[in-house]
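In: Fold the following and give me the result.
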Amino acid sequence: MSAMNSTQQLFNNTEPTTGIGKWVCHLLIAEGVIGVLGNLLVCFVVLRVKFLHTMTNYLLVNLAVADMMACLESIVNGLIYYEDCKIIDYVPKTFGGRFFSCRFLQSHFLEMALSYASAYNLCVVTLERYVALVHPLQYARKLTATRMKTLIGLIWVISFLFSLPLLFILKSSNDPDGTCSTIQYQDDAFRSFVRVYISVSSYLLPLTWMSWAYYQIQVTLKRQAKALNLQHARAAAYDLVIARQRLVSMLTIVFGALILLWTPLNITFLVCVHGAYRGQIPFCGSNGFKYFKAIAHVVFYFNSVINPIIYELKYKKFRQGLKVAFCCCRKSRGANTVDIAMVPL
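Out: Coordinates of the predicted model:
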């Protein structure tokens, strides 16, 4: 059984469609190239420009690394492993090569592990802003550099651990013309469980936490602005609140993009969660579903591409750092300019 047919039993519940697959793969490769360059630019700018060396920006670099690796994985898939449009006809000949290809790549293990890392690293960014704005007096004590490094390491470990069930979907094939074959189970319950498990743990849980956190942050910012207005505070205090609001607004857009771009693919996971639903729900076996699923997959990967664009459009300090990083001329800034990226409060 071919790798494309095998993986589709878990994620697609449909037969491959050549007309769909060809443009999907080309879009995924294009997205991957753009995403790698964009996220590499984010890492370069933040690490090179000294005034961007803050906790929030370091966490954004970690998020960019996860997105960049996801984009690299999409390029490899488009070039080698998507049967409808792969450019390189590659079948590993050794046992080790087939084992790695089936268990880690074509099973979607690596894809989902990097998706977990992207979502959970955004959760860490949200946590940092939540503590800084809602519990500022506890920021220095709770979010030390050592604790944040440990938390980031745990996020990466957890991301791969949560993806382990996908290792038991495919196995190496004895067919010289094929790489993988599907692991047979008595019923389809295991694959259905994996689909629901992935949607809940990689999508619903982080979205629920971040929605609650951003709600609390917005409530706190509005309360601070109202208090400053009643106290007739100085302009510098208003600048601080405005700077906080701008950074939170940018992160909220990043969060909103994740919701918008990940929701379609998770809908396909949950609506057609069981293979038998192809008969019970006509949409699950229709050509419309095939097209919807293909578009959803392209949109899903676009989430790893769009964050650098958001930073450029909505993050003033990043735009300044971009100019500095490439030795462009910049206008002098006033000494009293305040930005939340520079301070934890």
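In: Wait, Thr268 touches Tyr291, no?
Out: No. Contact status for Thr268 versus Tyr291: not in contact, 11.2 Å apart, counting by Cβ atoms under 8 Å. Placement of C-beta: from N, CA and C, glycine included.
In: Just give the nearest non-adjacent residue to Lys142, would you?
Out: Among residues not flanking Lys142 along the chain, Val131 sits closest, at 5.9 Å (Cβ to Cβ, 6 or more residues apart in numbering).
In: immediately after the helix or strand hosting the one you found, which helix or strand?
Out: Under DSSP states H and E, the secondary-structure element containing Val131 is helix 109-134. Sequence-wise, the next helix or strand beyond helix 109-134 is helix 139-142, with elements assigned using DSSP H and E.
In: Mean confidence (pLDDT) on that following helix, please.
Out: Predicted confidence along helix 139-142 averages 91 (mean pLDDT).
In: Return the list of helices and strands in contact with that helix.
Out: In terms of contacts (3 or more Cβ pairs under 8 Å, 6 or more residues apart in numbering; DSSP states H and E), helix 139-142 is packed against helix 109-134.
In: mind showing which ranges of this protein have poor pLDDT?
Out: Confidence mapping of the chain against pLDDT under 70 gives the ranges 1-21, 81-89, 173, 175-179, 181, 183-188, 228-240, 273-283, 285, 328-345.
In: now the helices for it?
Out: For the chain, the helices identified by DSSP state H occupy 3-11, 18-48, 55-76, 95-100, 109-134, 139-142, 145-162, 189-199, 205-231, 235-271, 277-280, 287-314, 316-325, in order along the chain.
In: Can you list the buried residues in the fifth one?
Out: Spelled out, it's helix 109-134. Neighbour counts using 16 or more other Cβ atoms under 10 Å place 109-133 of helix 109-134 among the buried residues.
In: Val200 is in contact with Tyr116, correct?
Out: No. No contact is recorded between Tyr116 and Val200 when judged using Cβ under 8 Å, the distance being 12.0 Å.
In: re earlier: please name every helix or strand in contact with the helix holding Val131.
Out: Contacting helix 109-134 under the criterion 3+ Cβ pairs under 8 Å, 6+ apart are the following elements: helix 55-76, helix 139-142, helix 145-162, helix 205-231, helix 235-271, helix 287-314.
In: Since that was my last question, I'll sign off now.
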